[in-house]
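Student: Provide a 3D model corresponding to the input given below.
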Amino acid sequence: MATESGKTESATKAGGGAEEKTPAQIEAEIEATREELGDTVAELAEKTDVKKQAKKKVARTKAKATAKKDQVKEKAAAQKEAATAKASAATPDSAQEATQAAQNAAAQAAQNARQNPLAATAVGVFVGGVAVGWILGRR
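Tutor: Residues are numbered from 1 along each chain as shown. You can find the predicted model right below:
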């Protein structure tokens, strides 16, 4: 019993007044400490793995670029829709309206030519000269 009391006294002194632990409790503490140390070592190894860190950074950068690309695509699609809507609002609704608009423009041009024949003649001469020069230049 003296040996037991000696162990108890040294365990009490070392433990700072704590109760004596059973071997199973001590083994459980040792196993928990090993797991903690294993996790710590794994974390340190991961932090020091330059190749792995570079791959993670590349993956994050790719994800950001993909998100930005998608955002730009959505914005472009919205702008395309707005431009299409604006163009359809500016264009005539039917071919008949387009024909009528062209006829009105031709009538307006004919009326302007009748009112100012000198300008119409000058334009005609210029167009004719360009056509003759083009034909002669092709030879």
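Student: chain center to the helix or strand containing Val132, what's the gap?
Tutor: Assigned by DSSP states H and E, Val132 belongs to helix 117-137. Helix 117-137 sits 54 Å away from the centroid of its parent chain (C-alpha atoms, centre = their mean, to the nearest Å).
Student: for that helix, packing partners?
Tutor: helix 95-115 (3 or more C-beta pairs under 8 Å, 6 or more residues apart in numbering; DSSP states H and E). Every C-beta, even on glycine, is put in place using the N, C-alpha and C of the backbone.
Student: distance from the helix it packs on to the middle of the chain?
Tutor: 49 Å.
Student: again, but for stretch 49-67
Tutor: 15 Å.
Student: what does that stretch contact?
Tutor: If you take C-beta atoms under 8 Å, 6 or more residues apart in numbering as the criterion, stretch 49-67 is touched by 46-47.
Student: now for this structure, the helix or strand with the poorest mean pLDDT.
Tutor: None of the helices or strands of the chain scores lower by mean pLDDT, DSSP states H and E than helix 2-15, at a mean of 47.
Student: helix or strand right after that helix?
Tutor: Counting by DSSP H and E, the next helix or strand C-terminal to helix 2-15 is helix 23-48.
Student: could you point out which element follows that following helix?
Tutor: Downstream of helix 23-48, the first helix or strand assigned by DSSP H and E is helix 50-90.
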